[in-house]
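A.B. asks: Compute the structure for the input listed below.
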Amino acid sequence: MKDLSSIEKKVQRELKNTASVNDLEKIQLAYLGRNGIINSLLREIKNIRPEERKQYGQKINELKNLITQSIETKRKELILSTDKQAIDVTLPGKPYPHGTLHPITYAIEEISRIFEKIGFVRMSYPEVEWEYYSFEALNMPKGHPARDDFETFYIDVPEHAKLAKMVLTPHTSSGQVREMLRLGGKPPIRMINIAKCYRRNWDATHAPMFYQFEGMVVDRGINITHLKGTIDYFAKNFFGPDREIRLRPHHFQFTEPSFETDISCNVCGGTGTVNGKKCRVCKSGWLELGGSGMVHPNVLRAGGIDPEVYTGWAFGFGPERCLMMKLGLSEIRDLYSGDIRFLKQF
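C.D. replies: Model prediction:
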């Protein structure tokens with residue numbers, strides 16, 4: 001029992017003279033570790049007279065608890081003392097680094113919100129698509145240039161008897177017929193489809209993997225004024241209230257009539273000139289946004305809809321192109337480079 005009392009006094013002396021957390025850890029290990037003094041004392045219990053063992057064991061447990069509490073109290077004192085010496089509360093805090101969403105993700109979320117406000121439903125269709133939905137159902141017969149393997153990525157799988165080969169979807173337009181069939185050929189339809197697409201292009205304004213957003217409306221009495229009004233609504237909400245759009249006649253297999261959609265340039269304000277010189281961005285006052293038009297009767301028929309009763313329009317734009325026009329970017333590859341110096345700006 002006298003040994004236990006002397007151990008307690010020794011611990012208190014050592015703790016009093018301890019000046020660092022590292023020294024404190026050594027004391028803890030020496031007394032409370034597996035091979036420490038407390039365990040050594042417990043192993044000696046077999047040498048104590050039977051009538052004294054209970055009291056001896058209780059004393060050891062009391063000593064163990066006392067040492068544990070004393071060490072924790074000393075630890076808090078040392079930490080508080082260290083903090084007071086190391087921290088200058090007058091210094092400004094350090095900003096905590098945090099990640100952000102990719103700029104394309106921001107663009108897609110904004111586009112979705114804009115169209116949701118006027119009743120469009122966001123849909124999603126396969127990235128690995130059948131050739132039929134990508135081409136035949138969209139009025140592109142066999143032999144059409146877009147179906148060449150230097151334009152489209154084909155998948156090496158067995159060909160389907162009716163749906164032909166599998167491809168990485170070259171455009172979101174394949175969702176048009178799928179949406180019509182999903183609804184059993186029963187309009188009204190007001191859909192927006194935003195998805196990845198794949199084509200064999202790689203330059204300043206094209207990438208082999210890119211995003212598209214496809215809008216489609218089908219109902220009775222739908223005409224070109226509804227198309228122009230919807231695109232104008234999108235342009236003013238996404239690019240700004242001062243931007244204007246125009247529809248320029250073009251040709252697409254799956255729309256008739258077809259249009260290229262242009263938007264006024266944000267650099268020259270649609271004038272085509274800056275300080276008396278031709279605008280270096282647009283050259284004419286307009287930038288090409290994407291394709292649009294009235295849904296071709298053959299496409300409506302492929303979706304099980306009677307073109308004599310219903311009409312519709314569709315458009316296909318690229319979120320990347322829209323983002324480039326909004327931010328004044330010249331290289332689509334910047335968006336996919338993974339360069340943190342570029343991405344952290346957003």
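A.B. asks: Show me where the stretch 51-200 of the chain has its strands.
C.D. replies: 121-123, 128-130, 154-160, 164-168, 189-198 (DSSP state E, counting those that start in this stretch).
A.B. asks: List the buried residues for the longest one?
C.D. replies: Of the residues in strand 189-198, those buried under the neighbour-count criterion (16 or more other C-beta atoms under 10 Å) are 189, 190, 191, 192, 193, 194, 195, 197, 198. The way it works is simple: take the backbone N, C-alpha and C, and place the C-beta from them, glycine included.
A.B. asks: State the mean pLDDT of whichever helix in the chain runs longest.
C.D. replies: Counting residues, the longest helix found in the chain (DSSP state H) is helix 50-86. What helix 50-86 shows for mean pLDDT is 81.
A.B. asks: and what of stretch 7-20?
C.D. replies: pLDDT averaged over stretch 7-20 gives 86.
A.B. asks: Could you list the residues in contact with that stretch?
C.D. replies: Applying C-beta atoms under 8 Å, 6 or more residues apart in numbering, the contact partners of stretch 7-20 are 24, 27, 31, 37, 41, 63, 66, 67, 70, 71, 74, 78.
A.B. asks: next one: stretch 269-279
C.D. replies: The contact list for stretch 269-279 (C-beta under 8 Å, 6+ apart) reads 242, 244, 264, 265, 267, 268, 280, 282, 283, 284, 285, 286.
A.B. asks: Drop anything exposed from the residues you listed.
C.D. replies: 264, 265, 267, 268, 282, 285, 286.
A.B. asks: biggest separation within the buried residues of strand 189-198, which pair?
C.D. replies: 190 and 198 (26.7 Å; C-beta to C-beta).
A.B. asks: any low-confidence regions in the protein?
C.D. replies: Counting by pLDDT under 70, the chain has low-confidence residues at 1-2, 82-89, 203-205, 330.
A.B. asks: I'd like the strands of the stretch 51-200 of the chain as CSV, with distance to residue 235 appended.
C.D. replies: Shown next, in CSV, are these (distance: least, C-beta to C-beta, whole Å):
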stretch, distance to residue 235
strand 121-123, 19
strand 128-130, 29
strand 154-160, 35
strand 164-168, 30
strand 189-198, 15
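A.B. asks: Compare the ones you listed and report which one is nearest to residue 104.
C.D. replies: Of all the strands of the stretch 51-200 of the chain, strand 189-198 comes closest under C-beta to C-beta, at 10.3 Å.
A.B. asks: the inter-axis angle of the very next helix or strand once past that closest one versus strand 164-168?
C.D. replies: Sequence-wise, the next helix or strand downstream of strand 189-198 (DSSP states H and E) is strand 209-219. Put simply, strand 209-219 runs at 120 degrees to strand 164-168, going by axes from the mean of the first three to the mean of the last three C-alpha atoms, to 10 degrees.
A.B. asks: which ones are touching the closest residue to residue 138 other than its chain neighbours?
C.D. replies: Closest residue to residue 138 apart from its sequence neighbours, by C-beta to C-beta, 6 or more residues apart in numbering: residue 254 at 4.1 Å. By C-beta under 8 Å, 6+ apart, the residues touching residue 254 are 138, 139, 140, 173, 176, 295, 296, 299, 314.
A.B. asks: The same query, at a cut-off of 7 Å, please.
C.D. replies: Residue 254 sits next to 138, 139, 173, 296, 299 when contact means C-beta atoms under 7 Å, 6 or more residues apart in numbering.
A.B. asks: Which residue comes closest to the last one once chain neighbours are left out?
C.D. replies: The one in question is residue 299. residue 254 (5.1 Å).
A.B. asks: ok, now how distant is that neighbour from residue 54?
C.D. replies: Distance, residue 254 to residue 54, using C-beta to C-beta, to the nearest Å: 93 Å.
A.B. asks: repeat for residue 322
C.D. replies: According to C-beta to C-beta, residue 322 and residue 54 sit 83 Å apart.
A.B. asks: what about the two, which has more around it?
C.D. replies: Using other C-beta atoms under 10 Å, the more surrounded residue of residue 322 and residue 54 is residue 322, with 24 against 11.
A.B. asks: I'd assumed residue 235 was in contact with that one.
C.D. replies: No: Residue 322 is beyond contact range of residue 235, at 9.2 Å (criterion: C-beta atoms under 7 Å).
A.B. asks: Can you classify the nearest residue to residue 57 once chain neighbours are set aside as helix, strand or coil?
C.D. replies: Among residues not flanking residue 57 along the chain, residue 45 sits closest, at 6.2 Å (C-beta to C-beta, 6+ apart). Residue 45 falls in the helix class when you classify it by DSSP: H, G, I helix; E, B strand; the rest coil.
A.B. asks: same question, residue 305
C.D. replies: coil.
A.B. asks: Check residue 221 too.
C.D. replies: coil.
A.B. asks: which residues does it contact?
C.D. replies: The contact partners of residue 221, by C-beta under 7 Å, 6+ apart, come to none.
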